[in-house]
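Peer 1: Got a predicted model here, sequence first, then my questions.
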Amino acid sequence: MIQNINIEATKLTATISGRIDTAAAAQFAQDMQPLIKNADKEITLVCNELEFISSSGLRHLLTLRKATMAMGGKVIISGLNADIMQVFIITGFKSLFEII
């Protein structure tokens, strides 16, 4: 889930770890509230420790993207492993987010 949220003046960094499956999606949505409240910032999601993401988890990322677009912020995703990057490619999410 989301850990280590660091908020600065114009940037926010959050670490995402573990498995975001259907069972964990509700907690993930709750964990994302501080990010959505700061949607006017550049939000970097550090995913080095993310093991799995389901369609439910992807939906919450899309909600964050919509919020940042509406408020002038942006979402950057870093550290995706090869399996999750493949999910992003297949679903088209790779073109929706800046991935570094």
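Peer 2: Yep, it's here. Residues are numbered from 1 along each chain as shown.

Peer 1: which strand of the protein spans the most residues?
Peer 2: The strand that spans the most residues within the chain, counting by DSSP state E, is strand 42-53.

Peer 1: For it, which strands pair with it and how are they oriented?
Peer 2: In the sheet, strand 42-53 lines up against strand 11-20 (parallel), strand 74-78 (parallel) (DSSP bridges).

Peer 1: got TSV for the ones you listed, with mean pLDDT and mean neighbour count too?
Peer 2: (Glycine included, C-beta is placed from N, CA and C.) Shown next, in TSV, are the strands paired with strand 42-53 (pLDDT from 0 to 100; neighbours: other CB atoms under 10 Å):
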stretch	mean pLDDT	mean neighbour count
strand 11-20	97	19
strand 74-78	97	18
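
Peer 1: Among the ones you listed, which comes closest to residue 60?
Peer 2: For those, the distance to residue 60 is smallest for strand 11-20, at 7.8 Å, taking CB to CB.

Peer 1: returning to that earlier point: which stretch among the strands paired with strand 42-53 comes nearest residue 86?
Peer 2: Closest among these, using CB to CB: strand 74-78, at 14.0 Å.

Peer 1: where do the helices sit along the chain?
Peer 2: 25-31, 33-37, 55-71, 82-91 (DSSP state H).

Peer 1: Those: which one's closest to residue 5?
Peer 2: Nearest of those (CB to CB): helix 33-37, 5.7 Å.

Peer 1: burial count for the closest residue to residue 87 other than its chain neighbours?
Peer 2: Of all residues not flanking residue 87 in the chain, residue 53 sits nearest, at 6.4 Å (CB to CB, 6 or more residues apart in numbering). As a burial measure, residue 53 scores 26 neighbours (other CB atoms under 10 Å).

Peer 1: And residue 53, how close does it get to residue 72?
Peer 2: Applying CB to CB, to the nearest Å, the value for residue 53 to residue 72 is 26 Å.

Peer 1: From the contact counts, what lies against the helix or strand of the chain with the lowest mean pLDDT?
Peer 2: Lowest mean confidence among the helices and strands of the chain (mean pLDDT, DSSP states H and E): strand 2-7, at a mean of 91. Judged by 3 or more CB pairs under 8 Å, 6 or more residues apart in numbering; DSSP states H and E, the packing partners of strand 2-7 are strand 11-20, helix 33-37.
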